[in-house]
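Peer 1: got a sequence here, can you build the structure:
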Amino acid sequence: MAEAQRDAPIKSAQVEALVVMKIVKHCSSTFPTTATGSLVGMDNNGVLEITNTFPFPTIDVASTDGHQNDASSLAAAAPRAKANILYQNEMIRHLKEVNVDANNVGWYTSATMGNFVNLGFVENQYHYQRDNDKTVALVHDVSRSSQGSLSLRAFKLSNEFMAAYKEGKFTTESLQKSKLSFKDIIVEVPVVVHNSHLLTSFVHQIAAPPDTPEVPLPASLDDIRRNPTKLPAHPSFDSLDLSIDPFLEKTCDLLLDSIEAHYTDLNNHQYYQRQLTREQFKITQWQTKRKAENAARAAAKQPPLPEDEWQRLFKLPQEPSRLEGMLNARQVEQYSKQVDGFTATVTAKMFAVRGNLLPE
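Peer 2: Numbering: from 1, shown residues only. So this is what the prediction gives:
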C-alpha cells in the first residue's frame with residue numbers, strides 16, 4: 001500500500017494561501033526582473049501539498065554592465081546554481097529544526113505575459129525532477145495578475161520528455177522514433193489554493209458587516225457551511241467596458257516574435273538538409289569513381305584501392321538540435337491560448353451591442 005502511494009502520479013498541487021502571498025509579493029517586488037524561489041511541502045497520496053516557500057538570494061550585477069537582461073538571466077538560472085543549492089539545503093535543515101515540512105517539492109518563477117517556455121525553464125525543472133518525480137514548477141504571471149485575477153499555474157515535465165532529455169538527442173530520427181512532439185514537453189497540474197480552518201472562519205466573519213449589533217458566533221464549521229455569510233452587492237461597471245484587453249496587443253507582438261524565432265530555426269534546419277544533400281552527393285560521386293578505378297585495377301590484376309576512404313575525406317554536417325524549435329512551438333501555442341482567452345470576452349460583448357453599432 002505504501003509503495004502504491006509513493007508511485008501515484010501527481011493529481012493536483014495544493015498551495016497554502018500564505019505561500020501564494022509570499023510568491024506574489026516576491027515576484028511583484030522584483031518585476032520586471034525574473035524572481036525564483038524554492039518550494040517545500042509533502043506528497044499526500046497524489047496531492048502535492050505546498051506548505052512553505054523561500055526566495056533564492058538576489059544576484060548583485062552592479063559589478064557588471066548593469067543591464068536588466070543580465071539580472072533576469074542570472075535569476076532564471078538561480079534554481080540550479082551551485083551556491084543556491086547549498087543555500088536551499090541549509091534552509092531546509094533549519095526548517096526541520098522548527099518542525100516544519102522540509103521536503104523539497106519544486107520551485108517557482110515569475111513570468112510576463114506567459115513568456116516562460118524556454119530552455120532555462122526546462123533545465124531548472126529537469127534539475128529538480130530527475131532526483132524526485134514529485135516536484136512541480138509554479139509560474140506566477142505578474143502581468144495577468146495585475147488585472148485583478150490571480151495567475152498561478154503548476155507544470156512538470158512529461159516522462160517521455162524526461163527520457164529524451166536524459167539521452168540528449170533531439171534529432172529528427174530520434175523524435176520520429178519516440179513520437180515526441182512540442183505538446184509532450186510540459187504537463188500542467190491543477191492548482192488548488194488551500195486555507196486553514198482558522199483562516200476560513202475568520203474570512204467568513206469579516207466578509208460582510210453584521211446586520212445586528214450582536215453576532216452569534218458559529219459553534220463549528222458545519223454552522224458556517226449551513227449559514228454562510230452573504231457578501232454585499234457592490235455595483236461594478238467593469239464588465240460593460242467594450243475596450244480590448246490592454247495585454248492583447250503585447251501578446252500578439254510576442255506571438256509574432258515566437259513565430260519568427262520558429263521560422264529562423266526552421267531555416268537553419270533546411271540549410272543543414274541542403275548541406276547534407278550536397279555532401280552525400282559528393283560521397284556518391286567519389287564511391288562511383290572508386291568502384292570504376294577498382295574495376296580497372298582488377299582487370300589489370302592490380303590490388304584494389306580501399307573503398308572506405310570517403311569517411312576520412314568527407315565530413316557530414318552535424319544535425320542541429322530540434323529542442324529550440326519544439327520550445328518555440330510550445331510557446332506559440334501558449335500565446336495562442338492567451339489570445340483566444342483575451343478575445344473571448346470582448347467578442348461576446350461586441351455581439352451583444354452590435355445592434356447599436358450597425359448603421360440605421
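
Peer 1: which residues of the protein fall in strands?
Peer 2: 12-16, 36-44, 47-55, 103-111, 136-141, 152-157, 186-189, 191-194 (DSSP state E).

Peer 1: what packs against the first one?
Peer 2: It stands for strand 12-16. strand 47-55, strand 136-141, strand 191-194 (3 or more CB pairs under 8 Å, 6 or more residues apart in numbering; DSSP states H and E). The way it works is simple: take the backbone N, C-alpha and C, and place the C-beta from them, glycine included.

Peer 1: nearest to residue 309, of those?
Peer 2: Nearest to residue 309 among the helices and strands packed on strand 12-16 is strand 136-141 (51.2 Å), distances taken as CB to CB.

Peer 1: which residues sit against the closest one?
Peer 2: 10, 13, 15, 23-24, 27, 39, 48, 50, 105-114, 116, 121, 124-125, 128, 151-156, 189, 191 (CB atoms under 8 Å, 6 or more residues apart in numbering).

Peer 1: next, the angle strand 36-44 makes with it.
Peer 2: For strand 136-141 against strand 36-44, the angle by axes from the mean of the first three to the mean of the last three CA atoms, to 10 degrees is 130 degrees.

Peer 1: before we move on, the earlier item: same list, the strands of the chain, but as CSV with distance to residue 82, mean neighbour count and mean pLDDT please.
Peer 2: Shown next, in CSV, are the strands of the chain (distance: least, CB to CB, whole Å; neighbours: other CB atoms under 10 Å; pLDDT from 0 to 100):
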stretch, distance to residue 82, mean neighbour count, mean pLDDT
strand 12-16, 27, 21, 86
strand 36-44, 15, 21, 86
strand 47-55, 18, 20, 86
strand 103-111, 15, 23, 86
strand 136-141, 20, 24, 88
strand 152-157, 22, 21, 88
strand 186-189, 25, 17, 86
strand 191-194, 30, 15, 87
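
Peer 1: contacting residues around residue 261?
Peer 2: Applying CB under 8 Å, 6+ apart, the residues contacting residue 261 are residue 328.

Peer 1: before we move on, what about the one 5 residues further on?
Peer 2: With contacts defined as CB under 8 Å, 6+ apart, residue 266 is in contact with residue 325.

Peer 1: and it, how far from residue 275?
Peer 2: Look at residue 266 and residue 275: by CB to CB, to the nearest Å, they are 15 Å apart.

Peer 1: with residue 45 instead?
Peer 2: Counting by CB to CB - residue 45 and residue 275 are separated by 54 Å.

Peer 1: what about these two, which has more around it?
Peer 2: Between residue 45 and residue 275, counting by other CB atoms under 10 Å, residue 275 is the more crowded of the two (13 against 9).

Peer 1: my read is that the more buried one contacts residue 317, right?
Peer 2: Yes: contact between residue 275 and residue 317 holds when scored by CB atoms under 8 Å: they sit 4.5 Å apart.

Peer 1: what residue, apart from its backbone neighbours, is nearest residue 248 spatially?
Peer 2: residue 342 (4.5 Å; CB to CB, 6 or more residues apart in numbering).

Peer 1: so the one you found makes contact with residue 250?
Peer 2: No: contact criterion CB under 8 Å: residue 342 and residue 250 do not qualify, at 10.2 Å.

Peer 1: what's near enough to touch residue 199?
Peer 2: residue 17 are the contacts of residue 199 under CB under 8 Å, 6+ apart.

Peer 1: cool, residue 9 as well?
Peer 2: So residue 9 contacts residue 46 (CB under 8 Å, 6+ apart).

Peer 1: any idea how far residue 44 is from it?
Peer 2: Distance from residue 9 to residue 44, counting by CB to CB: 13 Å.

Peer 1: please apply the same query to residue 153.
Peer 2: Counting by CB to CB, the separation of residue 153 from residue 44 is 21 Å.

Peer 1: by mean pLDDT, point me to the weakest helix or strand of the protein.
Peer 2: In the chain, the helix or strand scored least confidently by mean pLDDT, DSSP states H and E is helix 2-7, which has a mean of 49.

Peer 1: any weak-confidence spans in the stretch 1-150 of the chain?
Peer 2: Counting by pLDDT under 70, the stretch 1-150 of the chain contains low-confidence ranges at 1-8, 59-78, 148.

Peer 1: give me the pLDDT for the residue lying closest to residue 262 once chain neighbours are set aside.
Peer 2: Nearest non-adjacent residue to residue 262, counting by CB to CB, 6+ apart: residue 328, 4.2 Å away. You'll see residue 328 listed with a pLDDT of 82.

Peer 1: export stretch 120-131 as PDB, just CAs?
Peer 2: C-alpha atoms of stretch 120-131 as PDB (Å, rounded to 0.1, in the frame of the first residue of the first chain):
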ATOM      1  CA  GLY A 120      16.200  27.700 -18.800                       C
ATOM      2  CA  PHE A 121      12.800  26.600 -17.500                       C
ATOM      3  CA  VAL A 122      13.300  23.100 -18.900                       C
ATOM      4  CA  GLU A 123      16.800  22.900 -17.400                       C
ATOM      5  CA  ASN A 124      15.600  24.000 -14.000                       C
ATOM      6  CA  GLN A 125      12.700  21.600 -13.900                       C
ATOM      7  CA  TYR A 126      14.800  18.700 -15.100                       C
ATOM      8  CA  HIS A 127      17.300  19.500 -12.300                       C
ATOM      9  CA  TYR A 128      14.600  19.000  -9.700                       C
ATOM     10  CA  GLN A 129      12.600  16.300 -11.400                       C
ATOM     11  CA  ARG A 130      15.500  13.900 -12.200                       C
ATOM     12  CA  ASP A 131      16.000  13.300  -8.500                       C
END
